[in-house]
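*Asks:* The following comprises the amino acid sequence and a computationally predicted model.
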Amino acid sequence: VHADLLLLVCSKQLLWLWLLANPRLFGDQHFLRWLVGSHYVYMPFEYQRHPIISNSLNCDLVLNIKNTLIKIIFSAFFLAVILLVACTIIPTLYKSFGFSDTKQYKDKNGNPIELGKAVIVDACEKEKINCLKDVLLIQGEINQGTISSIKKLNSLNKIETICFRSGGGNIQVAQILMSFIKENDVSTCLAEEYYFKDLGSIDGTYCKSACPFILLMGKERFHVGNKIEIGIHHSGNAFDFCFTCFYIDNEGEDFEPYFTNQGHINLFKRSRKTPLKDMDILDPSEWQKYNIFTNN
């Protein structure tokens, strides 16, 4: 059989004539699998309808689909890992080593400004009405870069008030700031506008996620103006795949022991009801309900 096959394999039409003359080969499964896999394109229609060959074709089709799906799944998994590393793991490591200690933005006139995440400013209402002078402003994402920026300030021991313009950040770093503020009887604030010496100002103040809970640690808590946005939600982790993001609600339980005021405890409990991917924005009329500020 093998000698005949070698002589005839070069001619596909002769191969089928030879098969017709040797019908016993229909019972040879190894031969049929090779034949179907290699020469189906040349197979006469009446052979394709043969039960044995038809079953073999169906088996090969299922196997090919299975192999294709496996390849697609592994390719998708490999791509997901690459995107996760590029858009989540590397940026997280970068922040955890304190490299991101500056904040870039534009002032209210559209001029670019780059300053440390911790900088000395005046916290004021619009048009510099009713200002708190020489306060420490913590801005941008709260992470190890925030701590690095604070350490660069030589006059930290003279700071009496810390203000914020932040969307939250790392839970562990937030707890470090909460402990520092509480242990040193530092006051906290949110202001409508922050003025940098010789560098203009920024407005549109917001304090979200972990930021409000750091704010609550202040011995005195001031709001300088009312055009301020405070938002809360459940703590957790975000997994960024560059083109989409997945959120997991977890952690945050360690915040609760910091609170002794019932209003603060109620605010924390409320935050646990809003998923990480959403944001519960407080109405200014609710500030007093949760005892957020002491200068109501």
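*Replies:* Ah, there it is.
*Asks:* all contacts plus neighbour counts: C-alpha atoms, from now on.
*Replies:* Will do.
*Asks:* got the contact list for stretch 204-213?
*Replies:* Residues outside stretch 204-213 that contact it (C-alpha atoms under 8 Å, 6 or more residues apart in numbering): 164-169, 171, 174, 178, 190-193, 227-235, 255, 268, 279.
*Asks:* And the nearest residue to Tyr206 once chain neighbours are set aside, how far from Tyr258?
*Replies:* Leaving aside its chain neighbours, Tyr206 sits nearest to Glu229 (4.5 Å; criterion: C-alpha to C-alpha, 6 or more residues apart in numbering). Applying C-alpha to C-alpha, to the nearest Å, the value for Glu229 to Tyr258 is 23 Å.
*Asks:* Break down the stretch 51-200 of the chain into its helices, ranges please.
*Replies:* 51-84, 90-96, 144-151, 171-183 (DSSP state H, counting those that start in this stretch).
*Asks:* Off-centre distance for the last one?
*Replies:* When you say that, I think you mean helix 171-183. Taking C-alpha atoms, centre = their mean, to the nearest Å, one finds the center of helix 171-183 at 23 Å from the center of the full chain.
*Asks:* Could you pull up the mean pLDDT of it?
*Replies:* Per-residue pLDDT values over helix 171-183 give a mean of 94.
*Asks:* Low-confidence bits of the stretch 101-250 of the chain, can you list those?
*Replies:* The model of the stretch 101-250 of the chain has pLDDT under 70 over residues 101-103, 105-108, 154-157.
*Asks:* surely Leu137 meets Val121?
*Replies:* Yes - counting by C-alpha atoms under 8 Å, Leu137 does reach Val121; the two are 6.4 Å apart.
*Asks:* would Gly263 count as being in a helix?
*Replies:* Yes - under DSSP: H, G, I helix; E, B strand; the rest coil, Gly263 falls within a helix.
*Asks:* Please work out how many residues are found near it.
*Replies:* 16 (other C-alpha atoms under 10 Å).
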